[in-house]
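> Can you look at this prediction? I've put the sequence above it.
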Amino acid sequence: MKLRHFLKLSDLSADEARSIVERAIVLRTDPAHHRRQFTGRTLAMIFMKNSTRTRVSFEAGMAKFGGHALFLQSSATQLGRDEPIADTARVLSRMCDAIMIRNDSQADQIELAAHSRVPVINGLSELHHPCQMLADLQTWIEHRGDPRGKIAAWIGDGNNVCHSWIEAAKMFGFMLRIAAPDGYGPDADILAAAGAHVEIAADARSAARGADVIVTDTWTSMGQEAETAKRLAAFAGYQVDAALMALAKPDAIFMHCLPAHRGEEVSAEVIDGAQSVVWDEAENRLWAQMALLEFLWA
């Protein structure tokens, strides 16, 4: 078995990403595929940031397949006493079959993977959130079919989730329009790599016009709480409300990785309305990650 890591969506080929998403759809719709093929396998989960969906989806997925997940909060491990991440990798990968890490540093994840004998999975970093993107792609395909040739509009902060959407646009052949305030756009290198599949819109309205999917995320991510007032001012005019959704196609869907702040990045009438697919999107973290683990352990 060739050792594979999943630190960003582009660690997969387009065919591999599509096959994982297709397998996730099968797992969700056909319980006959819920075999206990992970019996005897252990997933180490390192959390340096808080989590609801990432932790529960990985733990539940491992349990459904007969495996075991270990919750390792960094402050309760030797990482919290400044053990080098390379040493942690060497130890955990001798005891566990895969490592998931949720932290603030893509560079640390790369170092962890470099010293690990087992697959390392990015559960979120400051640059990418690829597990979320697999679930988002699954949700889009389930509700509206193949994304190829369609239009998605990202409204708000050009953050880690936005970066994963940028990679997905090139990989799955759709157009991504990004509307972000000045100073809050996506990473220039990640943007450049997507080429003609991504464009920066002048404002939220022009990004949303004619879109098949409208996507947003919180304006203030974990660790940015001191910037809340500044960000609320900067993002005025970037709320996804009914008026903005009305500019998209009539059958457009709304997506959000959660947690959401009603009245800030999205209005209650949108996230709780008929076009919202956020609860399917959240559930699909479970199925997409089960499919991902199957792929990495194949």
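Done, it's in.
> how about Gln37, what does it touch?
For Gln37, the contacting residues are 65-66, 294, by CB atoms under 8 Å, 6 or more residues apart in numbering. C-beta: built from backbone N, CA, C; applies to glycine.
> Does Ala236 lie in a helix or a strand, and which?
For Ala236, there is no helix or strand it lies in under DSSP states H and E.
> Which of the contacts of Gln37 fall within helices?
The helices, defined by DSSP state H, take in Glu294 from the contacts of Gln37.
> Next, format the contacts of Gln37 as CSV and append distance to Leu3.
Output for the contacts of Gln37, formatted as CSV (distance: CB to CB, whole Å):
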residue, distance to Leu3
Phe65, 20
Gly66, 23
Glu294, 16
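> a markdown table for the contacts of Gln37, including neighbour count?
Formatted as a markdown table, these follow (neighbours: other CB atoms under 10 Å):
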| residue | neighbour count |
| --- | --- |
| Phe65 | 19 |
| Gly66 | 14 |
| Glu294 | 18 |
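> and of the contacts of Gln37, the nearest to Leu12?
Glu294 (13.4 Å; CB to CB).
> So that closest one versus His33, what's the distance?
Glu294 is 10 Å from His33, where distance means CB to CB, to the nearest Å.
> Quick one: residues contacting Phe58.
43, 45, 69, 100, 123, 289.
> host element of the last one?
Spelled out, that is Gln289. Residue-wise, Gln289 maps onto helix 278-296 under DSSP H and E.
> now do the first one
Secondary structure assignment for Leu43, by DSSP H and E: strand 42-47.
> ditto for the third one
Using DSSP H and E, Ala69 falls within strand 68-73.
> relative to strand 42-47, how tilted is that strand?
20 degrees (axes from the mean of the first three to the mean of the last three CA atoms, to 10 degrees).
> So in that sheet, which strands flank strand 68-73, and in what orientation?
Strand 68-73 has the following sheet partners, assigned by DSSP bridges: strand 42-47 (parallel).
> Next, the angle from the strand it pairs with to helix 278-296.
With the same axes, to 10 degrees applied, the angle from strand 42-47 to helix 278-296 works out at 130 degrees.
> Mind giving me the ChimeraX command for buried ones among the contacts of Phe58?
ChimeraX command restricting those to the buried ones, with burial defined by 16 or more other CB atoms under 10 Å:
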select :43,45,69,100,123,289
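> before we move on, back to that, would you mind identifying the next helix or strand past the strand holding Ala69?
Counting by DSSP H and E, what follows strand 68-73 is helix 85-95.
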